[in-house]
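Participant: 3D model of this:
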Amino acid sequence: VVGLSFNAYFPTLTATLGYKTTVSLLLCAPPWAFACIVAFANARHADATGERFFHISGSLFAGMVGMIISLATMNTAARYIALFLQAQSYAGFIVFYSWISNTFPRPPAKRAVALALINAFSQLGNIAGSYVWPKPWGPSYRKSYGITISCFGAAIVMCFILRQHLIALNKRMDEGQEEEFMQRRAAILEAAQLEGISEEEAIRRAKGFRYVY
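Facilitator: Numbers count the residues shown, from 1 in each chain. Purely as a prediction, here's the structure:
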């Protein structure tokens, strides 16, 4: 959330492009329209593929590229393109919330509490983020971008650790069910014939829940 704190200061960042106030405010709209399209496409693809980590980290990495551009140059065109890349970072943030929900699937009460606690603690980042963009650091805001780049990098690393942990949990469940499948194989094949589905589909259904990563 600290890495996304630029959203509250977006008009300030567009003002660094050198245009008058009205034009600067109008320039805020296109990056967020672009971010909306990217977020929708990213979320749909993540849902269709059942993959989470790369849909999150890819978006955050693109945001980091935009921040590096803003940090490195004061060129008007380059900085405006960078704002598009920064704004689309929310596409990864949206998928991250669905990943949390997938990771705490049941019981519903546990998932509700987990989502509430994680969301509440994450909002502390908005408090810290309000101190990341002080006026004396402008108009380049190099220090600010350095902080947000670090936060995005840390977020990607932690998401990778979570991904590896979930892979390990899935592997553990697979190993624990192997013996059970051998004992129930005849029953599973019989059920597959009755339902008119393949053996592979019957085994997939029998496995039940698996974490998405």
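Participant: now the longest helix along the chain: mean pLDDT?
Facilitator: Identified as the longest helix of the chain according to DSSP state H is helix 142-195. For helix 142-195, mean pLDDT is 84.
Participant: quick one, helices of the chain?
Facilitator: Taking DSSP H as the criterion, the chain contains helices spanning 10-15, 21-26, 29-49, 53-72, 76-87, 90-103, 108-122, 124-129, 142-195, 199-207.
Participant: for the longest helix of the chain, name the packing helices and strands.
Facilitator: helix 53-72, helix 90-103, helix 199-207 (3 or more CB pairs under 8 Å, 6 or more residues apart in numbering; DSSP states H and E). For every residue, glycine as well, the C-beta is placed using N, CA and C.
Participant: check the gap between the spatially most central residue of the chain and residue 4 for me.
Facilitator: Nearest residue to the geometric centre of the chain (CA atoms, centre = their mean): residue 92, 2.8 Å. Distance from residue 92 to residue 4, counting by CB to CB, to the nearest Å: 10 Å.
Participant: about what we covered before: which one of the helices and strands packed on helix 142-195 lies closest to residue 42?
Facilitator: Nearest to residue 42 among the helices and strands packed on helix 142-195 is helix 90-103 (4.1 Å), distances taken as CB to CB.
Participant: buried ones in the closest one?
Facilitator: 90-96, 98-100, 103 (16 or more other CB atoms under 10 Å).
Participant: now those as CSV including distance to residue 63 and pLDDT?
Facilitator: Below are the buried residues of helix 90-103 laid out as CSV (distance: CB to CB, whole Å; pLDDT from 0 to 100):
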residue, distance to residue 63, pLDDT
90, 9, 95
91, 9, 96
92, 8, 95
93, 10, 93
94, 13, 93
95, 13, 95
96, 13, 93
98, 18, 89
99, 17, 92
100, 20, 88
103, 23, 88
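Participant: could you check the pLDDT of residue 79?
Facilitator: Value for residue 79, per-residue pLDDT: 96.
Participant: my guess is it contacts residue 72. True?
Facilitator: No - judged on CB atoms under 8 Å, residue 79 makes no contact with residue 72 at a distance of 9.7 Å.
Participant: who's more crowded, these two?
Facilitator: residue 79 (22 against 14; other CB atoms under 10 Å).
Participant: I'd like to know how far the closest residue in space to residue 47 that isn't next to it in sequence sits from residue 56.
Facilitator: Nearest non-adjacent residue to residue 47, counting by CB to CB, 6 or more residues apart in numbering: residue 98, 7.6 Å away. Distance, residue 98 to residue 56, by CB to CB: 10 Å.
Participant: can you list the domains in the protein?
Facilitator: Per automatic domain parsing, the domain ranges recorded for the chain read 5-166, 171-207.
Participant: out of the ones you listed, which one sits most buried?
Facilitator: Highest mean neighbour count of those: domain 5-166, a mean of 16 (counted as mean count of other CB atoms under 10 Å).
Participant: centre of the chain to the longest helix of the chain, how far?
Facilitator: How far helix 142-195 lies from its chain's middle: 16 Å, per CA atoms, centre = their mean, to the nearest Å.
Participant: please renumber the chain so that the first residue is 11 from this point on.
Facilitator: Shifting the count to begin at 11 puts that one at helix 152-205.
Participant: for the residue lying closest to residue 106 once chain neighbours are set aside, give me its contacts.
Facilitator: Leaving aside its sequence neighbours, residue 106 sits nearest to residue 66 (CB to CB, 6+ apart; 5.2 Å). Applying CB atoms under 8 Å, 6 or more residues apart in numbering, we find residue 66 in contact with 102-103, 105-106, 109, 166, 169.
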